[in-house]
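can you look at this prediction? I've put the sequence above it.
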Amino acid sequence: MTTKQTRSAKPEERELARKRKEQERLEAELAECELRLATLRGELKALEARYLHMVGAPYAELDELRAQVAERLAAEEPENERLQRAAREARARANESRTAVPSKEPREQKPFSPSLELKRMYREAAKRIHPDLTADPNDRARRQELMAEVNQAYQQGDESGIAKILDVYESSPEAVQGEGPGAELVRVIRKLSLMNNRLAEIEAELQTILNSDLYLLKIQADDAQEQNRDLLAEMADKVRQRIADSKARVEVFSSGRVH
């Protein structure tokens, strides 16, 4: 019976059935890729905040001390262009370091570690409201806004927030779609194109992230953690030792014991 029905189906209906299977596969793949990207973003954001607090702040202090030393050396030999240039460069570096460090200590220093339920909620949201699942411009714009809210809720570990966003969209008029093999086939083909484009964008962004210094730091920190070590704490200790050495130099200048 099923075979006869399949044979009697129109070509566009058979093509629609094939495209829908492809769509289902791509929706799942896209949801997983979006989840991987969102998780990696969250992990790197948390790592960067922790780095700036634990290592960046001491580095800013170290750069300030180095600038003071360079400026005092330059002041003693105003005609020495090499020392003048070194002092200017050291001051610029100190100003840049100070600007990079947050003025307030971040509230959350814990690594980003989403729960299995949070990941499940994110996948569900990506499958149902992802912008690339529609070809309608108005619906797409609305989905983009909601997906941005989903990403924010995900990074905050807010499962109920993602559930509320899903409820809002599912109860909206934009969630209702028309029927008809011909029109539906066109819609599915456009969805497939949009999803493939988004997958290419995700891959490009992931490659950029994987080649970044911050990701390299993450790999090193993860390796250290497997050895029960805290890489950032170790880095901070080394910087603090260098700060102590630089403070000693500044004290030498202050006491007039140079030369």
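Received the coordinates, thanks. Small disclaimer: the values here were computed from a predicted structure and weren't measured. Numbers count the residues shown, from 1 in each chain.

low-confidence ranges in the stretch 1-150 of the chain?
Applying pLDDT under 70 to the stretch 1-150 of the chain flags the ranges 1-9, 103-109.

quick one, helices of it?
For the stretch 1-150 of the chain, the helices defined by DSSP state H, counting those that start in this stretch occupy 2-8, 11-51, 57-76, 81-100, 116-129, 137-155.

out of the ones you listed, nearest to Asp230?
helix 11-51 (9.9 Å; CB to CB). C-beta here means a position set from N, CA and C on the backbone, and glycine is covered the same way.

now do the closest one: which elements does it pack against?
With contacts defined as 3 or more CB pairs under 8 Å, 6 or more residues apart in numbering; DSSP states H and E, helix 11-51 has these neighbours: helix 116-129, helix 137-155, helix 181-210, helix 213-226.

can you redo those helices as TSV with distance to Ala94 and mean neighbour count?
Formatted as TSV, the helices and strands packed on helix 11-51 follow (distance: least, CB to CB, whole Å; neighbours: other CB atoms under 10 Å):
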stretch	distance to Ala94	mean neighbour count
helix 116-129	41	18
helix 137-155	32	17
helix 181-210	29	15
helix 213-226	21	14
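
how about those helices, which one is nearest Asp63?
Among those, the nearest to Asp63 by CB to CB is helix 213-226 (17.8 Å).

next, the angle from the closest one to helix 11-51.
Here the directions of helix 213-226 and helix 11-51 differ by 70 degrees (axes from the mean of the first three to the mean of the last three CA atoms, to 10 degrees).

how about residues contacting whichever helix or strand comes after helix 213-226?
Later in the chain than helix 213-226, the nearest helix or strand by DSSP states H and E is helix 231-254. Residues from elsewhere that reach helix 231-254 (CB atoms under 8 Å, 6 or more residues apart in numbering): 50-51, 54-55, 58-59, 61-62, 65-66, 68-69, 72, 217, 220-221, 224-225, 258.

picking that back up, could you dump the helices and strands packed on helix 11-51 to CSV with distance to Glu15?
CSV is the format used below for the helices and strands packed on helix 11-51 (distance: least, CB to CB, whole Å):
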stretch, distance to Glu15
helix 116-129, 23
helix 137-155, 24
helix 181-210, 6
helix 213-226, 42
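
Asp167: neighbouring residues, count only.
Asp167 has 10 neighbours, counted by other CB atoms under 10 Å.
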